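Q: After the sequence you'll find the predicted model.
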Amino acid sequence: MRKFIWLPVAVAILLLAFAAYSKSRQALPGHPPAGETNFAGPITGVKENPSSENRGKPDGNASGNGSQAPAVSEPGSPALDNTRRGWGLKRNDSHEQPEMPASIRSLLSKYDAYYIGDPDAREVYLTFDEGYENGYTAKILDILKNNDVKAAFFITGHYLKTNPELVKRMVDEGHIVGNHTMNHPSLPELTAARIAAELQPLEQEYEKLTGQKMRYLRPPKGEYSERSLAETRAMGYYNIFWSLAFVDWVPVPGGAAESYRSVMDNLHNGAVILLHAVSKENVEALDKILKDVKAQEYDFKTLDDLVKK
């Protein structure tokens, strides 16, 4: 008789424990509820996670099915649209600027965010994402110096802490260093206070190290919302997306030749080029890319030039 009395009690305890576990999992950053990991379009460039266990793994859903998902909501967030979007592009091989819906262009313009330059100018903008050091950045800096090209490097908190000398070299050689956040989270999932906690410690440590201020932000994983654009712009940042990228955060199957073709076959006026500095193939192709981009009469410009326009 006792076993029948305790059976309903045991079932009730199990149900309560499962409900508590489910609630706590949904509250964890990086673990959105089911159905909230699809983005606005195919992710053409996803950033690496700085932790060693995730090196080379894309941070996000690279499939993209055209849907948009609401981010995890948090108390105290402003009443702006917080639909989480993933950066996606419709590329072409005719050297024309990629298509972008007018609604997205309008949203970016509203908050001084950029992904491309002048469609009538043979100018390009070279950017690198730096989540962790894979032994190639010094060589990248050598190649840039030899070709008289200035680039922008977007660094995480992990990168600054572990490679301060490389960061100082970037600045000393005239490159721009941008904010890629302390821990690489999806910004739409964070409250305003937590966004500030991701950006401000990195900018403060960077200024302490170099005497320079950060002006440019690359949103981790290419994820953004109107609210995240508004809040980061209010903090003084220009969000910088891209118009040319490819899967280079893992080994490129076709080697340096494929890295070269991926850039040159999709080159266009005003291109904001995203490369990952962890890629051996990118480094092997970089000198030829820079020389041949110039041979096609494109000028390398900086993000400062882009914003001035």
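A: Perfect, thanks for sending it. Numbers count the residues shown, from 1 in each chain.
Q: how deep is residue 208 tucked in, by neighbour count?
A: 9 (other Cβ atoms under 10 Å). Every C-beta, even on glycine, is put in place using the N, C-alpha and C of the backbone.
Q: Next one: it from residue 167, what distance?
A: Counting by Cβ to Cβ, to the nearest Å, the separation of residue 208 from residue 167 is 11 Å.
Q: swap in residue 219?
A: Distance check for residue 219 against residue 167: by Cβ to Cβ, it reads 20 Å.
Q: out of these two, which sits in the busier spot?
A: Neighbours per residue (other Cβ under 10 Å) separate residue 219 from residue 167, with residue 219 holding more: 29 against 24.
Q: Does the more buried one touch residue 228 like I think?
A: Yes - at 6.9 Å, residue 219 and residue 228 qualify as touching, with contact defined as Cβ atoms under 8 Å.
Q: isn't residue 183 right next to residue 161, touching?
A: No - with contact defined as Cβ under 8 Å, residue 183 and residue 161 do not form a contacting pair (11.6 Å).
Q: what about these two, which has more around it?
A: More neighbours sit around residue 183 than around the other of residue 183 and residue 161, counting by other Cβ under 10 Å; the figures are 18 against 14.
Q: Please identify the buried residues of stretch 251-265?
A: When neighbours are counted by 16 or more other Cβ atoms under 10 Å, the buried residues of stretch 251-265 are found to be 252, 256, 258-260, 262-263.
Q: Same check on stretch 281-299?
A: Of the residues in stretch 281-299, those buried under the neighbour-count criterion (16+ other Cβ under 10 Å) are 281-290, 293, 298.
Q: okay if I get those residues as TSV plus secondary structure and distance to residue 124?
A: Output for these, formatted as TSV (DSSP: H, G, I helix; E, B strand; the rest coil; distance: Cβ to Cβ, whole Å):
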residue	secondary structure	distance to residue 124
281	helix	20
282	helix	15
283	helix	18
284	helix	20
285	helix	15
286	helix	14
287	helix	16
288	helix	15
289	helix	10
290	helix	10
293	helix	6
298	coil	5
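Q: Which parts of the stretch 101-250 of the chain are strands?
A: Under the criterion DSSP state E, counting those that start in this stretch, strands of the stretch 101-250 of the chain are mapped to 123-130, 152-155, 176-179, 216-217, 223-224, 238-239.
Q: Throw those strands into JSON lines and include mean pLDDT and distance to residue 302, thanks.
A: Compiled in JSON lines, the strands of the stretch 101-250 of the chain are given as follows (pLDDT from 0 to 100; distance: least, Cβ to Cβ, whole Å):
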{"stretch": "strand 123-130", "mean pLDDT": "98", "distance to residue 302": "7"}
{"stretch": "strand 152-155", "mean pLDDT": "98", "distance to residue 302": "7"}
{"stretch": "strand 176-179", "mean pLDDT": "98", "distance to residue 302": "6"}
{"stretch": "strand 216-217", "mean pLDDT": "99", "distance to residue 302": "10"}
{"stretch": "strand 223-224", "mean pLDDT": "98", "distance to residue 302": "22"}
{"stretch": "strand 238-239", "mean pLDDT": "98", "distance to residue 302": "12"}
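Q: so which of these comes closest to residue 112?
A: Proximity to residue 112, assessed across the strands of the stretch 101-250 of the chain by Cβ to Cβ, is greatest for strand 238-239 (5.6 Å).
Q: Helix or strand next in line after the closest one, which one?
A: Tracing the chain past strand 238-239, the next element assigned as helix or strand by DSSP states H and E is helix 255-264.
Q: Show me what that next one packs onto, helices and strands only.
A: Counting contacts by 3 or more Cβ pairs under 8 Å, 6 or more residues apart in numbering; DSSP states H and E, the secondary-structure elements packed against helix 255-264 are helix 280-295.
Q: quick one: contacts of whatever helix or strand comes next after the helix it packs on?
A: Next along the chain after helix 280-295, taking DSSP H and E as the criterion, comes strand 299-301. Taking Cβ atoms under 8 Å, 6 or more residues apart in numbering as the criterion, the residues outside strand 299-301 that touch it are 117, 122-126, 149-151, 290, 293-294.
Q: Same question for stretch 196-210.
A: Applying Cβ under 8 Å, 6+ apart, the set of residues contacting stretch 196-210 from outside is 155-157, 160-161, 164, 167-168, 171, 177, 179, 181-183, 185, 187, 190, 212-214, 217, 232, 235, 237.
Q: In stretch 187-202, which of the residues would be classed as buried?
A: Applying a neighbour-count criterion of 16+ other Cβ under 10 Å, one finds 187-192, 195, 198-199, 202 buried in stretch 187-202.
Q: Could you do stretch 97-112 as well?
A: Within stretch 97-112, the residues that qualify as buried by neighbour count (16+ other Cβ under 10 Å) are 97-98, 100, 104, 107-108, 111.
Q: Give me the average confidence score over that stretch.
A: For stretch 97-112, the mean pLDDT works out to 96.
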